[in-house]
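# Give me a model of this one.
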Amino acid sequence: MQVPKVDRDHMADNHVMLRCAIADVLRGHLHPGSVRVRAGEHVTMGAWLGSVGNSGNSGEPHLHVHAQSRGSTETPLDGKPRPIAFTARFPVRGDHIVLHMKRILVTGATGQVGAAVISALRVFDHFVVRAGVRDVETESLRWNGDARVEPVAFDFLDPRSHDAALADCDSLFLLRPPQLTGDFGDVIARAQHHGVRHIVFLSVQGAERNRFIPHHKIERRLVASGVSYTMLRPAYFMQNFTSTLHDELVRRHRIFLPAGSACFTLVDVGDIARVAALVLTQHGTQHYGQAYTLTSQTPLTFEQMAAQLTTKLGLRITYDSPSPWRFYRTLRRDGREPGLILIMLLLHLLPRFTGTPAVTQTVAALTGQPPVEFAQFVEAHRDELLLDMDKP
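From the prediction side, this is the model:
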């Protein structure tokens, strides 16, 4: 309504009544047309109910919060008033109440997974996302205008940056840059020092059994630390084809990996991000101490992946499985760093001797949506995969 007009015939007017365990809680005077929930819908912490307005008996925009015993839906204010606490205390007239906005630090914020996690988190309200980046001035343009994303300086190799980034954070999304091999003990310790209550670590499928990969050491350190944790153990990233494997697709129209005929389980980074966002924002402790293996439903060999790429892209893609030594020499000649080449060797050579990793239903169970399959990924990223394909 136009201020200062009021509607005394409809006291709460546009409102939402939450039926809680011991009381009904009304949010009243909401802006017309802004209510996003329906009668009978189950809502959780962080859900968007509506926008503040001044409908009903209200002379200015504000949010009316009212707790009462169970009343009638037809006459929402006929229940007996109940006391209500904010931040664990009962306020008195004149008190200023500051509600804590949960802060989540996302490391590797400009990488494939980190950027996807931030995008997934941005759909949730009542959370502030701290984007850990090396260069705040340059990277802040990515989220320009979004008050929920705070770029902060964070460099794994610069311990001085850790304290400022972790201060006042509730949760930490931790991922391992490919070039680092430590157990992140210092980062985990600083997170505990600053009161971080939950660390979600991006590991890899099978890390709990494979002592040769850095993720195994980090998982062990995290468990031993005593901080609440959740392990995400994704399968082989489909997005490898738009990053580390893309150059070979462009230059030689082939997949060049020493994987033989090994079958790989796959996962889309978008599915990882949706699970991570849910685990980081969902109220309660149900994800603490859990390890989630994230996969699509169809394991494939690289020969089969090449066939699907050929079909979907309309361009013949071959698969060449070299010896480890030929693979190393070829990538060194192409300018790849020795450390990265060795990681790629481990990633693609070991599955030839360990069998096909298990497929899980975790993505669908947690998000309510089926995971992306490889053919869907190729269709969705066709333009990106074809980028520069026509150049010599």
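# Only C-alpha atoms from now on, for both contacts and neighbour counts.
OK.
# all helices of this structure, in order?
Under the criterion DSSP state H, helices of the chain are mapped to 112-121, 136-139, 160-166, 185-193, 214-225, 246-252, 269-281, 302-313, 324-333, 338-349, 351-354, 362-367, 374-380, 382-386.
# Now mean pLDDT and distance to residue 176 too, for these, in JSON lines please.
Written out in JSON lines, the entries for the helices of the chain read as follows (pLDDT from 0 to 100; distance: least, CA to CA, whole Å):
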{"stretch": "helix 112-121", "mean pLDDT": "95", "distance to residue 176": "11"}
{"stretch": "helix 136-139", "mean pLDDT": "84", "distance to residue 176": "20"}
{"stretch": "helix 160-166", "mean pLDDT": "93", "distance to residue 176": "15"}
{"stretch": "helix 185-193", "mean pLDDT": "94", "distance to residue 176": "11"}
{"stretch": "helix 214-225", "mean pLDDT": "94", "distance to residue 176": "8"}
{"stretch": "helix 246-252", "mean pLDDT": "91", "distance to residue 176": "21"}
{"stretch": "helix 269-281", "mean pLDDT": "96", "distance to residue 176": "15"}
{"stretch": "helix 302-313", "mean pLDDT": "97", "distance to residue 176": "25"}
{"stretch": "helix 324-333", "mean pLDDT": "95", "distance to residue 176": "22"}
{"stretch": "helix 338-349", "mean pLDDT": "87", "distance to residue 176": "13"}
{"stretch": "helix 351-354", "mean pLDDT": "88", "distance to residue 176": "21"}
{"stretch": "helix 362-367", "mean pLDDT": "96", "distance to residue 176": "22"}
{"stretch": "helix 374-380", "mean pLDDT": "97", "distance to residue 176": "24"}
{"stretch": "helix 382-386", "mean pLDDT": "91", "distance to residue 176": "25"}
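# Distance to residue 67 added to those, as JSON lines?
Compiled in JSON lines, the helices of the chain are given as follows (distance: least, CA to CA, whole Å):
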{"stretch": "helix 112-121", "distance to residue 67": "30"}
{"stretch": "helix 136-139", "distance to residue 67": "44"}
{"stretch": "helix 160-166", "distance to residue 67": "36"}
{"stretch": "helix 185-193", "distance to residue 67": "36"}
{"stretch": "helix 214-225", "distance to residue 67": "41"}
{"stretch": "helix 246-252", "distance to residue 67": "57"}
{"stretch": "helix 269-281", "distance to residue 67": "25"}
{"stretch": "helix 302-313", "distance to residue 67": "57"}
{"stretch": "helix 324-333", "distance to residue 67": "66"}
{"stretch": "helix 338-349", "distance to residue 67": "56"}
{"stretch": "helix 351-354", "distance to residue 67": "58"}
{"stretch": "helix 362-367", "distance to residue 67": "32"}
{"stretch": "helix 374-380", "distance to residue 67": "48"}
{"stretch": "helix 382-386", "distance to residue 67": "53"}
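# count of neighbours near residue 82?
The local packing count at residue 82 equals 13, with neighbours defined by other CA atoms under 10 Å.
# could the helices of the chain be laid out in JSON lines, adding mean neighbour count and distance to residue 103?
As requested, the helices of the chain are exported to JSON lines (neighbours: other CA atoms under 10 Å; distance: least, CA to CA, whole Å):
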{"stretch": "helix 112-121", "mean neighbour count": "21", "distance to residue 103": "11"}
{"stretch": "helix 136-139", "mean neighbour count": "13", "distance to residue 103": "18"}
{"stretch": "helix 160-166", "mean neighbour count": "18", "distance to residue 103": "9"}
{"stretch": "helix 185-193", "mean neighbour count": "16", "distance to residue 103": "13"}
{"stretch": "helix 214-225", "mean neighbour count": "18", "distance to residue 103": "20"}
{"stretch": "helix 246-252", "mean neighbour count": "17", "distance to residue 103": "35"}
{"stretch": "helix 269-281", "mean neighbour count": "22", "distance to residue 103": "10"}
{"stretch": "helix 302-313", "mean neighbour count": "18", "distance to residue 103": "40"}
{"stretch": "helix 324-333", "mean neighbour count": "15", "distance to residue 103": "41"}
{"stretch": "helix 338-349", "mean neighbour count": "15", "distance to residue 103": "33"}
{"stretch": "helix 351-354", "mean neighbour count": "12", "distance to residue 103": "38"}
{"stretch": "helix 362-367", "mean neighbour count": "16", "distance to residue 103": "22"}
{"stretch": "helix 374-380", "mean neighbour count": "16", "distance to residue 103": "31"}
{"stretch": "helix 382-386", "mean neighbour count": "15", "distance to residue 103": "33"}
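# Contact partners for the closest residue to residue 253 other than its chain neighbours?
In space, residue 253 comes closest to residue 317 once its chain neighbours are excluded; the distance is 5.1 Å by CA to CA, 6 or more residues apart in numbering. Taking CA atoms under 8 Å, 6 or more residues apart in numbering, we find residue 317 in contact with 249, 253, 254, 255, 306, 307, 309, 310.
# Cheers, nothing more for now.
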